[in-house]
Every structure is written in C-alpha cells, then in structure tokens.
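>>> build me a model:
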Amino acid sequence: MDWISKLERKYGKYAISGLMKYLIVMQIFGYFILSVRPDFYYFYLSLDVTAILQGQIWRIFTFLVFPPSTSLFYVVIAFYLYYMIGQTLESVWGAFRFNMYLLAGILFHVIAAFLAQFIFGFSSFLLSFLARLMLLILQPQLNPCHPGRDDVCRH
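Take a look at the predicted model:
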C-alpha cells in the first residue's frame, strides 16, 4: 500500500468534495474585483513575495482568486474547462487525492514564487501563466487509468 492510500484511509473523511466548484466561485469573485478595482487585486491580493515577507501572509492564499483572463468570453470558457477537468479528476481519483493534487499545486506554486523572486528576481505573475500552461500540457498524462492497468483505476 502506497503512502497516499495510507493518508487517504486516515484523513479521507476530511476531503472536500467538489473543491473545483469552490475555486471557480472564488475566481468569479476575483473576476468582479478585477473588473471593478484592478488595483485592489494587485495591491492587496496578489502573490507578492516582498509583501508576504513584510507580513501580508494572506497573499499566500488570496492569489487564488485571480481569474484566468479579463475577457468575459474567455473566462466563461476557462471556468467550464476547469470544472470539467476538476470533476473528471475527482471522479477518477476520488475527493481526497484530488484535494491533495490541488493543495500540492498551490504549495509548489508558492515555493516557486519564492524561488523565482530570490534566484531570478522576477515576480509570480509569470509563474501563474506558466502553471496554467503546464496544466494544459500535462492534462492527458494526469489520468492514471490506462488500458491494461486496472490496478490503478478507481471504479
């Protein structure tokens, strides 16, 4: 039994079902904030390493409200795709593993922002774009169910 299965057995009851819906609702809220007061997001909510080090630790989580675009057409399409991808992964992996996947992605995004700031000297806005690009590139590889590998599929 692998370590994720052990964690799932112990903490699986705390998994949030439909987590992608909550993230989309947060980003819809962020879209309205960005539409009405774009400076508010950049000054108070974005993942700014310098501001975090000065004590604004809420930025570690509030950067998640940033929508994929300011174009309403693109935002609607992106939210639909996010929802479909999230529901598919949650139905295949289960709520706990999908929660772990998202939390690990958020954690590594924050770590990458700190590394990018200290090593390369650039901000995390580029990292946000790169994270979304990697999700689209790696999406076909994320599904662990492959023909002939029924041992990894959750039915």
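
>>> next, the buried residues of the helix or strand hosting residue 88.
Secondary-structure assignment from DSSP states H and E places residue 88 in helix 72-93. By neighbour count on 16 or more other CB atoms under 10 Å, the buried set for helix 72-93 is 75, 78-79, 82, 85-86, 89-90, 92-93. (C-beta placed from N, C-alpha, C; glycine too.)

>>> repeat for stretch 18-33
Of all the residues in stretch 18-33, those buried under the rule 16+ other CB under 10 Å are 19-20, 23-24, 26-27, 30-31, 33.

>>> and of those residues, the nearest to residue 44?
Among the buried residues of stretch 18-33, residue 33 lies closest to residue 44 (CB to CB), at 9.5 Å.

>>> do I have it right that that closest one meets residue 40?
Yes. The pair residue 33 / residue 40 is scored as a contact, 5.8 Å apart, by CB atoms under 8 Å.

>>> and the contacts of stretch 97-104?
4, 7-8, 15-16, 19-20, 23, 86, 89-90, 93 (CB atoms under 8 Å, 6 or more residues apart in numbering).

>>> how about 6 Å then?
The list of residues contacting stretch 97-104 from outside it, by CB atoms under 6 Å, 6 or more residues apart in numbering, reads 15-16, 19, 89-90.

>>> now stretch 61-70: how far from the chain's centre is it?
Taking CA atoms, centre = their mean, to the nearest Å, one finds stretch 61-70 lying 10 Å from the centre of the chain it belongs to.
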